[in-house]
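Q: Curious how this folds, go ahead:
(chains A and B)
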Amino acid sequence: MSRSATATLTALGVGAAGGLTTAPALALPVRGELAELLPWGGLRRGSTVSVRGSTSLLLALVAEATAEGCWAAFAGLPRCGALAAAELGVAVHRLALVPRPGRDQGEVEKTIAALLDGFDLVAVATPVTPATSRKLSARARHRKAVLLPFAVEWPGADVELTAVPGPWTGLEAGHGVLSTRTVTVQATGRGAAARPRQTRLPLPGTATSRPGPIPLTAPRPTTAEAV
Amino acid sequence: MLPASRPLEPASRPPEEVNPLYTLAVWCPDWPVVAASAEAALPPHVPAAVIGSGEVVACSAVARAEGVRRGMRRRAAQGQCPELVVLDYDEVRDARLFEPVAVAVEELAPGIEVVRPGLVVVAAQGPVGYYKSAEQAAERLVDQVAVRVGVEAQVGFADGLFAATLAAHRGLIVPPGRTREFLEPLGVHELDQPAEHREDRAELVDLLRRLGLRTLGAFAAVPERDVATRFGRAAVLAHRLAAGLEERARSRRRPPPELSVTRQLDPPIDRVDAAAFAAKGLAERLHTGLADRGLACTRLGIRATTENGEELHRVWRCADPLTPQGIADRVRWQLDGWLTRARLTAGIHLLRLDPEEVVDATVLQLGLWPGAGQDQGEAAERAARAMVHVQGLLGPDAVLTPVLGGGRGPVERVRLVPWGDERTPAADPDQPWPGQLPAPSPATVFSEPEPVALLDESGADVVVTGYAELVVQPHRIVHAGRTRQVVAWSGPWPVDERWWDEEAAMRGARLQVLGAASDGEELAFLLIRAGGKWAVEGVYD
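A: Now for the predicted structure:
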C-alpha cells in the first residue's frame, strides 16, 4: 500500500524528497509494477521510453494513462491487436492506429511530429535514422508528449524497457487454454534511470500484485544498451 | 440491349445489381417563386422574384428572360424589369406548399427523402425496377406532379445525391456508373449550390477557379491526398462529390433507437404556432442526446400520429450535420405542411424524431462542439486535430481507430474505422458467440493470416477432422523460417461461420500452440485452419 501510494504521489508530481516538482501531473500513470521501474514513477511527459521484446508490454505501459483520459497513437504497428489492448486495460476509443506512417523518412517524420502535437503517448515502430529520432525526441520534449519507440533503434531514449517473456501457464498438451505468463522487464537508461532495475510483470495481470523492483548487482553503463 | 452491339455497357452485370447509391431526384425549378406565386395567386406570365435580405433569392423564368438574376439587389432587379412582382422570402411557406409535391412523388416512389423544399430524392432502384426503365419512371413522376399539384418538375438520375441533383437540373438520366463522366465537364461552381447556403463552398469554388481548376473533372483529377493537405477536410468532402462519390461512405447500421425522442402533445396540436413551439423543444432534446454521444444527424425522420390514429412519416436529408435550429426548422416546416395540407381529421398528439443517419460531430465541426461526446475536454480535441492533420498528410484511411464488436476470433472482433467515420462495431458484441476464444487475446494479429507449417513427428501436416479433432499430436511449428518444438497446445475450436452464405461461409478450426525454440524461448501462436492449410492468426507476444 505504502509503495503504491509513493508511486501515485510520484505520478502526481510530488518528488521523492517531498517537495513539489514544477508542474503537476508531470508523469502519466502506469500500473504498479511498471511505475516502480520508471525513475519518475510513471511516464514523464516529454520523455522517450523505448520498449522492446513484447507488444503486450507496450500495451500494458499505455493502459493506465489511456484509461485516465490520455490519447495514444501507434504508428507503424499494423498488426497491433486491439482486443488484447482492451483486455490489458487500454481505452481503445482513445487509441489511434497509423499503420503506415509514410513512404519515406521525410513523410514518417512529419506524421510522427503531427501525432506528437496532439497525442499524449505516441508509439513508433517504424525505423528512422538517428538524426530523425533525435529530432522526434526533441519534439516530444517540447510538446510534453511521451514518445515510445517500439522494437526500433532509438539513440536518444531516456529509458529503455526490455521484456524477456517467461513461460506460459494454463496450456497443456492437448487441453487447457493460455492463461498468464510472467514477463521480466528490465529498465536501463540515462540520468535518473541510470541504475538498471527489473521487475516481474504478470501478463495479462491485475495491477493488484506489486512485487518490488529488484536492483541488479552491477549497474551497467548506459552505452551498453541491450539490443 | 444486345451486349455485342453496345460494348460500352457493363453487359456482364445482371440488371438487378444496381448501385444502391443510384438516386432519383425530383426537382421543382425556382421553387421559392413557384410557392410564393401560388400563394399570391399570380398568373405564370407575370415576372416574379422572391427577395430575401434585399437580394433576389429566386426568380421566375419570365423574370429571368428579362435579365433578373439571383443575388441581384432589389432595385437593380426592378430596373431590369419594371413590371417585376416582388414577393417576400418565407421558408415556412416554401416547405408548407412543398408537402403536396412530396406526397405526390411518394405515391409513386415510396421511401422519399426531402432534401429541402423543392428537391426530393429517392433510391432509384425501386422506381426503375417497377416502371421497367428510368425513362418510364421519370415520365410518370413528372406527369404525377403536374396532375396532382399543378407544378412543373424535372427528374434526374445519377449515383449519389449531389450528381442526381445536377442531373435533375438538366433533366438527364445518367446511367449507373457513368456519373463521373457526367460530372467531368461541369463547372466547379456546381459544388456551391446557392440553395444550400454554404459559405465555405463559395470560398472553395473561388479558390479552385483562381487555381485554374475550372471543371469538376479537373478538381477530381487532383489526388485526394493533395486536396486534404492543401485545402483541409471540407474540401475533401467536396472533392469526393466532384469524383462522383458520396460525401461520406454510407454506414449500414442504424443509430440505436434510444436516440429517438418522442413527445406526447396534450392538448393535441392543430395550429401552426403550437407546432413551432413543440418542434423547438423536441429538436433541442434530440440534439442534446446526439451531442452527448458526439454525434450529429444528417438524416432526420419525423413521425406524427393523430388522435384518430393517422400515421405520418417523412424523412429529411441534409448534407451538413443538423444544428438544433436546423432540426427545429425542418420539424416546424413538416408539421406546417401536414397541418395545412394533409387534411388531417384530428390534431397531432404524438411526435417522434428519429435520427436515421448520424455522423461523428466532433470531427466535422470541431469548433462548434468543443468537447462533445464521451471524451470531453481538450485532450480529445487536440488528438482529433492531430488525426485530421495526419489524414491530410497521408489520406483519410491512414488513421484508424479500433471498435470492438462481436465475433469469435481476435481479427473479426475488431473493426478498424477511419477517423471521422461512425464508430459502429462489425457485429453485435452482446449476442452469444459460441466458440469465442477466451482472453487473453494475441497482442499481434494478422488480418491476412500468414502461412505456417504445423507438423507431426513424422513431418506430415497435422490434419483436423470434420468433427474438429486433431488426428495426431502436433510436434513442431515452422513460422517465418524458424522451427519450434510444440510444448503445449489446445483446441481445436471449431469455426463454422455463415454456412448459409456460400461465398462468406468459412469452416475451419482454431488452435493455440505454444512453441519453444532451441534456445528455450517460448512463443504462443493462435493458428487457424481453413481450406486445408494452417495459418497464423495471432501471436501472443
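
Q: Tell me the spacing between B:H239 and chain A.
A: As for B:H239, its distance to chain A is 21 Å (criterion: Cβ to the nearest Cβ, to the nearest Å). (Each C-beta comes from the backbone N, C-alpha and C, glycine too.)

Q: What is the neighbour count of residue 105?
A: Assuming you mean chain A. Here the number of neighbours of A:Q105 (other Cβ atoms under 10 Å in any protein chain shown) works out to 14.

Q: Chain B is the one I meant
A: By the criterion of other Cβ under 10 Å, B:V105 has 25 neighbours.

Q: helix, strand or coil for it?
A: Under DSSP: H, G, I helix; E, B strand; the rest coil, B:V105 falls in the helix class.

Q: just checking, it touches B:V145?
A: Yes - using Cβ atoms under 8 Å, B:V105 is in contact with B:V145, at 6.6 Å.

Q: Now for the two: what residues contact both?
A: Counting by Cβ atoms under 8 Å, 6 or more residues apart in numbering or on different chains, the common neighbours of B:V105 and B:V145 are B:V26.

Q: ok, now which ones touch the closest residue to B:L416 other than its chain neighbours?
A: Closest residue to B:L416 apart from its sequence neighbours, by Cβ to Cβ, 6 or more residues apart in numbering or on different chains: B:L400 at 4.0 Å. By Cβ under 8 Å, 6+ apart, the contact list for B:L400 reads A:96-99, B:416-419.

Q: need those residues in TSV with neighbour count, can you?
A: TSV is the format used below for the contacts of B:L400 (neighbours: other Cβ atoms under 10 Å in any protein chain shown):
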residue	neighbour count
A:A96	25
A:L97	23
A:V98	30
A:P99	19
B:L416	17
B:V417	19
B:P418	15
B:W419	23
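
Q: could those residues go into CSV alongside distance to B:Q334 and pLDDT?
A: Below are the contacts of B:L400 laid out as CSV (distance: Cβ to Cβ, whole Å; pLDDT from 0 to 100):
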residue, distance to B:Q334, pLDDT
A:A96, 39, 94
A:L97, 42, 94
A:V98, 43, 94
A:P99, 45, 93
B:L416, 38, 89
B:V417, 32, 86
B:P418, 33, 84
B:W419, 34, 82
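
Q: helix or strand for residue 181, which one?
A: If you meant another chain, say so; for now it's chain A. Secondary structure assignment for A:R181, by DSSP states H and E: strand A:176-189.

Q: Chain B is the one I meant
A: helix B:179-183.

Q: surely B:P44 meets B:A63?
A: No - counting by Cβ under 8 Å, B:P44 sits too far from B:A63 to count as a contact (11.2 Å).

Q: between these two, which one's more packed in?
A: Per other Cβ under 10 Å, whichever of B:P44 and B:A63 has more neighbours is B:A63, with 24 against 12.

Q: The more buried one and chain A: what is the separation?
A: On the measure of Cβ to the nearest Cβ, B:A63 and chain A end up 52 Å apart.

Q: how about B:V174, what does it touch?
A: B:156-159, B:163, B:167, B:182.

Q: Among these, which one sits closest to B:L404?
A: Lowest distance from B:L404 to those (Cβ to Cβ) belongs to B:D159, with 33.1 Å.

Q: Who are the contact partners of that closest one?
A: By Cβ under 8 Å, 6+ apart, the contact set of B:D159 is B:19, B:21-23, B:174, B:176-177, B:179, B:244.

Q: Could you list which of these belong to strands?
A: Among these, the residues falling in strands (DSSP state E) are B:22-23.

Q: Return the closest of the contacts of B:D159 with respect to chain A.
A: Checking the contacts of B:D159 against chain A with Cβ to the nearest Cβ, the nearest one is B:G244 at 26.7 Å.

Q: Residue ranges in chain A under the pLDDT threshold?
A: The model of chain A has pLDDT under 70 over residues A:1-25, A:192-193, A:205-227.

Q: how about the nearest residue to the residue in the stretch 401-541 of chain B positioned nearest to chain A, chain neighbours excluded?
A: Of all residues in the stretch 401-541 of chain B, B:P402 sits closest to chain A, at 3.4 Å by Cβ to the nearest Cβ. Excluding its sequence neighbours, the residue lying closest to B:P402 (Cβ to Cβ, 6+ apart) is A:A82, at 3.4 Å.

Q: domains of chain B?
A: When chain B is parsed with automatic domain parsing, its domains come out as B:22-170, B:184-242, B:257-363, B:444-540.

Q: tell me the contacts of B:V205?
A: Counting by Cβ under 8 Å, 6+ apart, B:V205 touches B:188-189, B:191-192.

Q: which among those residues end up buried?
A: Among these, those classed as buried by 16 or more other Cβ atoms under 10 Å in any protein chain shown are B:188-189, B:191-192.

Q: Just name the closest of the residues you listed to chain A, please.
A: Each of those was scored against chain A by Cβ to the nearest Cβ, and B:L191 proved nearest at 27.8 Å.

Q: Tell me if I'm right that that closest one and B:H239 touch.
A: No - applying Cβ under 8 Å as the test, B:L191 and B:H239 come out as separate, 9.2 Å apart.

Q: Which secondary structure elements does whatever helix or strand B:E284 lives in sit against?
A: Using DSSP H and E, the element containing B:E284 is helix B:272-292. Counting contacts by 3 or more Cβ pairs under 8 Å, 6 or more residues apart in numbering or on different chains; DSSP states H and E, helix B:272-292 is packed against strand B:261-269, strand B:295-306, helix B:324-341, strand B:348-360.

Q: run the last query once more with 10 Å
A: Packing partners of helix B:272-292 (3 or more Cβ pairs under 10 Å, 6 or more residues apart in numbering or on different chains; DSSP states H and E): helix B:91-108, strand B:261-269, strand B:295-306, helix B:324-341, strand B:348-360, helix B:361-364.

Q: after the third one comes which helix or strand?
A: Think strand B:295-306. Counting by DSSP H and E, the next helix or strand C-terminal to strand B:295-306 is strand B:311-317.

Q: Give the pairing partners of that following strand; include direction for each.
A: strand B:113-116 (parallel), strand B:295-306 (antiparallel) (DSSP bridges).

Q: roughly how far out does the shortest one sit from the chain middle?
A: In terms of Cα atoms, centre = their mean, to the nearest Å, the centre of strand B:113-116 is found 14 Å from the chain centre.

Q: Restricting to C-alpha, output the helix or strand that that strand is followed by in PDB.
A: The first helix or strand that comes after strand B:113-116 along the chain, using DSSP H and E, is strand B:119-123. Taking C-alpha atoms only, strand B:119-123 is exported to PDB below (Å, rounded to 0.1, in the frame of the first residue of the first chain):
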ATOM      1  CA  LEU B 119     -36.000  18.900 -54.000                       C
ATOM      2  CA  VAL B 120     -36.900  15.300 -53.200                       C
ATOM      3  CA  VAL B 121     -34.600  12.300 -53.700                       C
ATOM      4  CA  VAL B 122     -35.300   8.600 -53.500                       C
ATOM      5  CA  ALA B 123     -33.200   5.500 -54.200                       C
END
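
Q: helices or strands up against the helix or strand just after strand B:119-123?
A: Using DSSP H and E, the helix or strand that follows strand B:119-123 in sequence is helix B:125-130. If contacts are counted by 3+ Cβ pairs under 10 Å, 6+ apart, helix B:125-130 sits against strand B:22-27, helix B:91-108, helix B:134-149, strand B:154-159.

Q: Quick one, which of those gets closest to B:T465.
A: strand B:22-27 (47.7 Å).
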